[in-house]
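Novice: Generate a structure from the sequence data that follows.
(chains A and B)
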Amino acid sequence: MSQITEKVAALEEEATSRIQAASKKEELNELFAKYLSKKGEVSSLMSLMREVPNEEKASFGQAVNACKNNVTKAYNEKKEAFEKEELAAKLANEKIDVTLPGNTLQQGHINPYYLIIDEVTDIFLDMGYEVVEGRDVETDRFNFELLNVPKDHPSRDMQDTFYISEELLLRTQTSAAQAHTMCDKNPKGPIKMICPGKAYRRDDDDMTHSHQFAQIEGLVIDKNISIANLKATLELFAKKMFGEKREIRLRSSYFPFTEPSVEVDVSCFNCGGKGCAMCKGTGWIEILGAGMVNPKVLEMCGYDPNEYSGFAFGVGVERVAMLRYGVDDIRRFYQNDVRFLKDYVGK
Amino acid sequence: MKASLNWVKKYVDIENLTPEEIASRMTFAGVEVEDIIHLARGTNLVIGEILTCENHPDSDHLHILNVDEGPKHGVHQIVCGAPNARKGLKVIVAREGAVLPEVTIVKSTIRGVDSDGMCCSLLELGVDKKYLSEKQVSGIEELPEDAPVGEENVLGYLGLDDTILDLSLLANRPDMYAIANIAREIGCLYGKEAKIPEPTKRETKKIDFEVGSTTEKCPQFAIQVVKGIKTKESPKWMKEALLAEGIRSINNIVDIGNYIMLLTGQPLNMYDLDKLPKASLVVRDDLEGDYVAMDEQTYKLAKGDLVVTSDGRPMCLAGVMTAKECTIDENTVNVAVESAVFDYARIRHTVNRIGLSSDSSLRFIKGINRDQAEYVLALTADLLADLAEAKEIYEVKNYDTVKHERKVIKTSLGYINGRLGTSFDLETVVKTLKDDHMDVVVEGETMIVTVPNYRIDMDGQADIAEEVIRILGYSNVHSILPTTELQLTGLTPKQVAKRSIRRHLRSIGLDEVLTYTLVDEKKANSFKYLEKGEPFKLSNPMTVERGFVRMSMLPSLLESASYNVDRQNKDLAFFEISDIDTPSHRGSHLGAVLVGNKPLQGSLRKTPYTFYDAKGIVEAIMQILGLNKNRYQIVAWTLGGEDFHPGKSAEIRMGKQLLGVMGELHPNALKAAGLKSAIALELDMDALLNLKTSAPKASVPPKFPSVSRDLALVIDRKVTYEEIAREVNKADALIKGVEVFDVYEGANIGEGKKSIAITLTIRSDEKTLKEEEVSSSVNKAISTLKVKFGADIRS
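Specialist: Sure thing, here's the model as predicted:
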């Protein structure tokens, strides 16, 4: 190898190693100027061609080109590395605090009272029931008399009523909707309805009593309805509402508007029936009252009790909500403390 | 009603049944046992005698006793702290291993002295304090001198081995207010015969005594005169029976009256015969004036009150309380015993009016057996003879208009199984009804059931079906879903709309709350815009705060807001949909209140709620209901009042019809609600849901491009955006839309002026517009604004 070719190799060696060793972008720029700019040392190599003997010109030219390519490549690689570093530093610098609150797009909350009403309503809608709207101010006739509670009947002691006048009162039970539905049905025929609504009794408000509360009334009227139909319906309801494994049991009871009347217990959804604090060790929780519509009620509401029969039931909304969510005090439903509401989101 | 099982045991065999079993069986059969009460409890008890009593060397109050516990157990040393412990006293000893309600007894060493057992008070055996004297509570029980040392059945000896079932009775079983009927019920549930006491048949003497009633509210009035009685202490068995029922023993005569009432359910009354003005007792309901009862209080009689009179004077407020002047006392020797039937409603009215009630009035009000006067009086006579040495027992004088026929109900096996959804056979049903003390005759398909006289609740075949299933149990009922004809059901369109609105309001961050319907008078009369007239007023409210039915949702929603603000929950967005009932209209409203700030980014960025939040909510609701903006108007406040800020509130209208109100609260309303700021809105949901809407007609997007041009104008601040938009829209047919993008008021704009910036959308449906066509449209808009409003155009 001629002396001059060795010089090219030496320059290539020097330039690439210095470029690779550059620690700052400015240094790299300086090295670019030194070697690769128009008048730089590498670019200037071709000017030595004159001094090269003719037979070596070709190989010298190749060597110079290779040198230029290699140094340029080293420069480009280094430049890219610097840019990458720079971008990473810039992005790192832009880091935000992801733990700050998100923009407020969350749902508002729902009083759990409505969760129960909506859920029970949906279950019975799926079973083909219609939803009837009730009313707060009722007549004595629909709240009592048509439900087989004539004036002075001993069972009127069972409920202390808010009266507006002799004839008008705040309904004490959603059962008033039964009487309305039956009386309004024309011509008389089958009924499958539920009526969620408010009811009122003269109770002092405390942890377990409220002068206002809600019930969901249900009524089915048809030919040949029996307790077997009531039992199957409520079994289905209990399983949907409280879990597939739930069972129900019926206990004899009394309501003036049903005969026979029952209290319905569901196997405890907290302990599965083994006995716990929620079911007071019994394994069962009372959830609703029900019964076969009293033939007298059917008759007063225009149905022939020899042709039609039916069943009715009533669920206490707050009671179910208290059991399901472990609410300690019925007044919470009416206080709407947002620290209480915050746990409930609607569907 | 309390049922003493020791008493019940006299009439029906329950030896092999635990109280818990009986309670559960009765509860499932519809007679709920609320509680099982043991009068006293304790094992390993024995009666002992204190042989020696010395002071404990290391204590100022403890004694060291040597107690003889009889030949079987011998003598034991017991350390005892009771002040009344003394030599010779007969005591109750709880021996080692005894389990008492609160403790288990173990051998121990008390301050260096061995103690083997404990001398007990009745309190330590679990007897309720209310039955004990001061002395019994503070020391050990002192047994009589003749108490048998070594006796292990201590509770039996004391008459405290009883268990009480506390019954929570429903209105259909007034017969359960009688021990005899409870025994019959238990007998029925276990298929056992109940042997209820029968009175002695005796010869009675004739007597001249007038009985009667001048009112149909007393259909039966029977009197039996008994002479030569002696008042004394009742025997132990009777005292124990009454104690178990929670009644204090007074003397044999009073106790007999209570005992018979508890046994039969028939309230008795006893008059001192010698204090009656005349040998006559007549029931009337037309007396008025003062009445001095045996409690020495004076009550006012009112027309309609049933009163037992003698010679026109009130001797007893029927079923409630005897007059002072004829009450029996320890000197009474001759009595007139009354067994009567009084109308339940009438007694209830009297009791409610004068505020007096008793075990007797309770039974009359619940309803009594109308068919047992002779039986009850004969049982009473027996007891007066046995326990009060009665010398002469006279015939029963009976005014009686009651039809003494037992009720007969016709039914069939088919009906019973059909109603119950069961498949009982005839034999099972007949046996069950017979166990239930009914007489049953089967004639072909028909079952003729005769009901016992005390079951006054039975009156149709549905009741018979109920008897069968409550006794045999609901586990016999099959489970069959009803099969009804298919009908089109599901939520109505209105119900669907309500749900959509509720869901939407929650999804934009409002909480769905629940508030009380009842409010005070002032609140009931505030925010009365959507409803007219006066609110419903309760005639018997519990408190003044809850005396009226609300006519607007807002007062109760503000109540909930204020409750929260008082608890430092300051940012609130509440809504509720509820029925609103007024004397003139029955409807349904949606109410919402916004208090404090709307969170934009949690707690980091917030912005105060304004009128425009309420307006946005209203517009969203209208959109969900399918009501386009041209269907309703939101106009500035004209309704007056001091509920809403007159300048920052609006009415939602459809022509003359008011559909809703919204805005900032008036400072006075804020003050009343205890809030610093609040936005409220209320909509007449019924009116909105009743508006007809049609399915949308598809829009075709325009073929040709539109051009936007911005205009900034300075204009009188009273001119509304809507007025500007309306005029600009009318200025040229090519102007297809106006949008506001800036509003500014400030000193540099000038007094009474505002700057408003709008974007015009200009478009033709026929072609792409040229620049000069666009400019011409804009110029028309500018000149309209100048002419109509004197606007100064800035761009």
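Novice: Which strand or helix spans whatever residue of the stretch 651-795 of chain B ends up closest to chain A?
Specialist: Residue nearest to chain A within the stretch 651-795 of chain B (C-beta to the nearest C-beta): B:D686, separated by 10.3 Å. For every residue, glycine as well, the C-beta is placed using N, CA and C. In this assignment (DSSP states H and E), B:D686 forms part of helix B:685-690.
Novice: And the contacts of that helix?
Specialist: Under the contact criterion C-beta atoms under 8 Å, 6 or more residues apart in numbering or on different chains, helix B:685-690 has outside partners B:494, B:497-498, B:577, B:587-590, B:621-622, B:625, B:627, B:657, B:659-660.
Novice: Could you point out which of the residues you listed is nearest to chain A?
Specialist: Of all those, B:S588 has the smallest distance to chain A: 8.0 Å, by C-beta to the nearest C-beta.
Novice: What are the buried residues along the biggest helix by length in chain A?
Specialist: If you go by DSSP state H, chain A has its longest helix at helix A:54-93. Neighbour counts over helix A:54-93 (16 or more other C-beta atoms under 10 Å in any protein chain shown) mark A:60, A:63-64, A:67-68, A:70-72, A:74-75, A:78-79, A:82 as buried.
Novice: for whichever helix or strand comes after it, what is the average pLDDT?
Specialist: Next helix or strand after helix A:54-93 toward the C-terminus (DSSP H and E): helix A:112-126. Helix A:112-126 shows a mean pLDDT of 96.
Novice: Once you drop chain neighbours, what's closest to the residue of the stretch 1-150 of chain A found nearest chain B?
Specialist: Of all residues in the stretch 1-150 of chain A, the one sitting closest to chain B is A:P101 (2.7 Å; C-beta to the nearest C-beta). Once flanking residues are discounted, A:P101 sits nearest to B:G602: 2.7 Å by C-beta to C-beta, 6 or more residues apart in numbering or on different chains.
Novice: unless I'm mixing things up, that neighbour is touching A:G102, no?
Specialist: Yes. Using C-beta atoms under 8 Å, B:G602 is in contact with A:G102, at 6.9 Å.
Novice: what's the nearest residue to B:R586 if we skip its chain neighbours?
Specialist: In space, B:R586 is closest to A:R135, 6.1 Å off (C-beta to C-beta, 6+ apart).
Novice: and stretch B:530-550, anywhere near chain A?
Specialist: Yes. Under the criterion of C-beta under 8 Å from any C-beta of the partner chain, chain A is reached by stretch B:530-550 at B:536-542, B:546, B:549.
Novice: returning to what we had before: okay, B:G602 and A:G102: which has more neighbours?
Specialist: Using other C-beta atoms under 10 Å in any protein chain shown as the criterion, B:G602 and A:G102 rank with B:G602 on top: 13 against 10.
Novice: how far away is that one from B:H504?
Specialist: 22 Å (C-beta to C-beta, to the nearest Å).
Novice: if we can go back for a sec, how about the residues of stretch B:530-550 next to chain A, which pair is most distant?
Specialist: B:F536 and B:M542 (15.4 Å; C-beta to C-beta).
Novice: Could you point out the longest helix of chain B?
Specialist: Using DSSP H, we find that the single longest helix of chain B is helix B:771-789.
Novice: where does chain B have its least confident helix or strand?
Specialist: helix B:134-138 (a mean of 87; mean pLDDT, DSSP states H and E).
Novice: Could you list every helix and strand that that one packs against?
Specialist: Here helix B:134-138 is seen to pack against no other helix or strand when contacts are counted using 3 or more C-beta pairs under 8 Å, 6 or more residues apart in numbering or on different chains; DSSP states H and E.
Novice: Next, the buried residues of the very next helix or strand once past that helix.
Specialist: Next in sequence after helix B:134-138, counting helices and strands by DSSP H and E, comes helix B:154-158. Neighbour-count burial for helix B:154-158, counted by 16+ other C-beta under 10 Å, picks out B:154-155, B:157-158.
Novice: and what of stretch B:770-785?
Specialist: Per 16+ other C-beta under 10 Å, stretch B:770-785 contains these buried residues: B:773-774, B:777-778, B:780-782, B:784-785.
Novice: show me where the stretch 451-600 of chain B has helices.
Specialist: Ranges of helices within the stretch 451-600 of chain B are B:461-472, B:493-507, B:521-524, B:554-565, based on DSSP state H, counting those that start in this stretch.
Novice: now the ones you listed as a markdown table including distance to B:S360?
Specialist: Below are the helices of the stretch 451-600 of chain B laid out as a markdown table (distance: least, C-beta to C-beta, whole Å):
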| stretch | distance to B:S360 |
| --- | --- |
| helix B:461-472 | 27 |
| helix B:493-507 | 53 |
| helix B:521-524 | 41 |
| helix B:554-565 | 45 |
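Novice: Format these as JSON lines; extra columns: mean pLDDT, distance to B:V449 and mean neighbour count.
Specialist: Conversion of the helices of the stretch 451-600 of chain B to JSON lines gives the following (pLDDT from 0 to 100; distance: least, C-beta to C-beta, whole Å; neighbours: other C-beta atoms under 10 Å in any protein chain shown):
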{"stretch": "helix B:461-472", "mean pLDDT": "96", "distance to B:V449": "6", "mean neighbour count": "23"}
{"stretch": "helix B:493-507", "mean pLDDT": "96", "distance to B:V449": "46", "mean neighbour count": "17"}
{"stretch": "helix B:521-524", "mean pLDDT": "96", "distance to B:V449": "54", "mean neighbour count": "17"}
{"stretch": "helix B:554-565", "mean pLDDT": "97", "distance to B:V449": "53", "mean neighbour count": "24"}
